[in-house]
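S.K.: Here's a sequence, model it:
(chains A and B)
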Amino acid sequence: MKICVTSEGKSLQDNVDPRFGRCSYFLIVNPETGAYESLPNPHRDSTGGAGIQSAQYVYSQGVEAVLTGNIGPNAMMTFSEAGVTVYTGVSGTVAQAIEKFVSGSLTASESATVNQKFGAGN
Amino acid sequence: MIISVASGKGGTGKTTVAVNLALALGNAQYLDCDVEEPNGHLFLKPVITERKTATLLIPEIDESKCTYCGTCGDVCAYSAIAVLKPRNGGKGGIMSFPHLCHGCGACAYFCPNGAITEIDKPIGIIEHGASGDINFVHGKLNVGEIMVPPIISQVKEHIKPDVPVIIDAPPGTSCPVIEAIKGSDYCIMVTEPTPFGLNDLQLAVKVIRQMGIPFGVVMNKEGIGDDKTDEFCRNEGISMLMKIPFSHDIAVSYSKGEPIISSLPEYKHAFLSLYDEIRSVLA
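M.R.: Alright, predicted model coming up:
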């Protein structure tokens, strides 16, 4: 299984990026083995629709779950349609987030936590 | 002749100039293209005789014909369609986000399977009527809608260039302004002599020069602020067409919804001279 954690940097020691659509990096992690890949977010500076584009991009990496701080309505709808589970309110380092996911202490999010354009301009 | 009235900064007096110019001419057409907050009707008090829904074409997807190839999503410049290609033997997904759609039709045009048709989405209303001899048209965008240019172009479909056409444009320098003023023979830029007015006038001048439309400036609320706007226009060779003083009497008439030339008839001559000057520039 693969999961995606939004990250402020390339490594597991970096902090979880609190924004989904305009986060700096997507870390695609295999939580069983700890193997991971860092992907710079190609839609970070998109003029609009960053959440939708990022959601399609993350989905195309084959992930089954997403761990992030906040997510907007368009990205959330896209993940719901795709059957990808979204966990919001995640903070600390990426490594800590993965531990929480593995231990089952995260609760899946049913709806967006912020409005559109929340992450723009930061 | 089509004359648009634009400004850069909001609240400088576009509607004041547009309405009074139309009234001074008498036999003219007035189009309020400030569709997010039209207010020309407050002064012209038109009798509305025709109402029409303004629409935007948005995609309707027949998922039974969709192969999730992703072409529609790739050609959409605004991420208004998301395509989820099938994975792990599952079925794919496709969804549209109508509030992001600009109505360009690329998705329907490029879909190789004919899975997308364009349908009308109501975004506002166009009202058409008359105020005396003035042929009146305005658009009102529905609350919550963000796609402004399509309704402006639908207002402009009513243009009848056999009489002078006055277009009341929205403020700013972005797409709605460009949609409103394109095709004009002349553009009046209304400004006020303040640092804010000047800053936004300078931005608007860049836009209008790029569009190649002849233009001049009307200074409203003359007497407040400073002389930097005069200086800018002089240095740039921009003609100062008219100055309207910062006057208590004008403010009172405005607050009652009365056009200047109704409460202060001596201004009729000034607005007619404004029109004559524009005509002589274009001759």
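
S.K.: Give the rounded mean pLDDT of stretch A:42-50.
M.R.: Predicted confidence along stretch A:42-50 averages 91 (mean pLDDT).

S.K.: and that stretch, which residues are buried?
M.R.: A:His43, A:Arg44, A:Ser46, A:Gly48, A:Gly49, A:Ala50 (16 or more other C-beta atoms under 10 Å in any protein chain shown). Bear in mind the C-beta positions are built from the backbone N, C-alpha and C, glycine included.

S.K.: First-to-last residue distance for that stretch?
M.R.: End-to-end distance of stretch A:42-50: 9 Å, with C-alpha to C-alpha, to the nearest Å as the criterion.

S.K.: List of residues touching that stretch?
M.R.: Residues from elsewhere that reach stretch A:42-50, judged by C-beta atoms under 8 Å, 6 or more residues apart in numbering or on different chains: A:21-24, A:53-54, A:57, A:74, A:119-120, B:78-80, B:97, B:100.

S.K.: Now the helix or strand where B:Val207 lies: buried residues?
M.R.: When elements are defined using DSSP states H and E, B:Val207 is found to belong to helix B:195-211. Of the residues in helix B:195-211, those with enough neighbours to count as buried (16+ other C-beta under 10 Å) are B:Gly197, B:Leu198, B:Asp200, B:Leu201, B:Ala204, B:Val205, B:Val207, B:Ile208.

S.K.: repeat for stretch B:265-277
M.R.: Buried residues in stretch B:265-277, counting neighbours by 16+ other C-beta under 10 Å, are found at B:Tyr267, B:Lys268, B:Ala270, B:Phe271, B:Leu274, B:Tyr275.

S.K.: Now the last one: phi and psi?
M.R.: Reported as degrees, to the nearest 10, the phi and psi values for B:Tyr275 are phi -60, psi -40.

S.K.: For the chain, just list every one of the helices.
M.R.: Let's take chain A. Using DSSP state H, the helices assigned to chain A run over residues A:50-60, A:73-82, A:94-103.

S.K.: that answer is for a different chain, and I need it for chain B
M.R.: Listed in chain order, the helices of chain B (DSSP H) span B:14-25, B:40-44, B:71-75, B:106-110, B:149-156, B:175-181, B:195-211, B:228-236, B:248-255, B:260-263, B:267-282.

S.K.: Out of these, the one nearest A:Leu67 is which?
M.R.: helix B:71-75 (24.9 Å; C-beta to C-beta).

S.K.: for that closest one, packing partners?
M.R.: The helices and strands touching helix B:71-75, judged by 3 or more C-beta pairs under 8 Å, 6 or more residues apart in numbering or on different chains; DSSP states H and E, are strand B:81-84, helix B:106-110.

S.K.: which strands and helices sit next to the last one?
M.R.: Counting contacts by 3+ C-beta pairs under 8 Å, 6+ apart, the secondary-structure elements packed against helix B:106-110 are helix B:71-75, strand B:116-131.

S.K.: how about 10 Å then?
M.R.: Contact partners of helix B:106-110 among helices and strands, from 3 or more C-beta pairs under 10 Å, 6 or more residues apart in numbering or on different chains; DSSP states H and E: strand B:47-61, helix B:71-75, strand B:116-131.

S.K.: Now tabulate those in TSV and tack on distance to A:Ala95.
M.R.: Shown next, in TSV, are the helices and strands packed on helix B:106-110 (distance: least, C-beta to C-beta, whole Å):
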stretch	distance to A:Ala95
strand B:47-61	41
helix B:71-75	34
strand B:116-131	44
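
S.K.: Take the ones you listed and lay them out in a markdown table including mean neighbour count and distance to B:Gly105.
M.R.: As requested, the helices and strands packed on helix B:106-110 are exported to a markdown table (neighbours: other C-beta atoms under 10 Å in any protein chain shown; distance: least, C-beta to C-beta, whole Å):
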| stretch | mean neighbour count | distance to B:Gly105 |
| --- | --- | --- |
| strand B:47-61 | 16 | 6 |
| helix B:71-75 | 19 | 10 |
| strand B:116-131 | 18 | 6 |
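
S.K.: If you drop the residues flanking it in sequence, what lies closest to the residue in chain A that chain B sits nearest to?
M.R.: For chain A and chain B, the shortest gap (C-beta to the nearest C-beta) falls at A:Gly49, measuring 2.4 Å. Nearest in space to A:Gly49, with sequence neighbours left out and distances taken as C-beta to C-beta, 6 or more residues apart in numbering or on different chains, is B:Ser79 at 2.4 Å.

S.K.: Can you report how many residues neighbour the one you found?
M.R.: Applying other C-beta atoms under 10 Å in any protein chain shown, we find 25 residues neighbouring B:Ser79.

S.K.: Quick check, pLDDT for A:Gly121.
M.R.: Among the per-residue scores, A:Gly121 shows a pLDDT of 65.

S.K.: Buried residues in stretch B:176-185, which are they?
M.R.: By 16+ other C-beta under 10 Å, the buried positions in stretch B:176-185 come out as B:Pro176, B:Val177, B:Ile178, B:Glu179, B:Ala180, B:Ile181, B:Ser184, B:Asp185.

S.K.: Using a markdown table, please lay out those residues together with pLDDT and distance to B:Leu282.
M.R.: Formatted as a markdown table, the entries for the buried residues of stretch B:176-185 read as follows, by pLDDT from 0 to 100; distance: C-beta to C-beta, whole Å:
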| residue | pLDDT | distance to B:Leu282 |
| --- | --- | --- |
| B:Pro176 | 97 | 25 |
| B:Val177 | 97 | 21 |
| B:Ile178 | 97 | 21 |
| B:Glu179 | 97 | 22 |
| B:Ala180 | 98 | 19 |
| B:Ile181 | 98 | 15 |
| B:Ser184 | 98 | 11 |
| B:Asp185 | 98 | 6 |
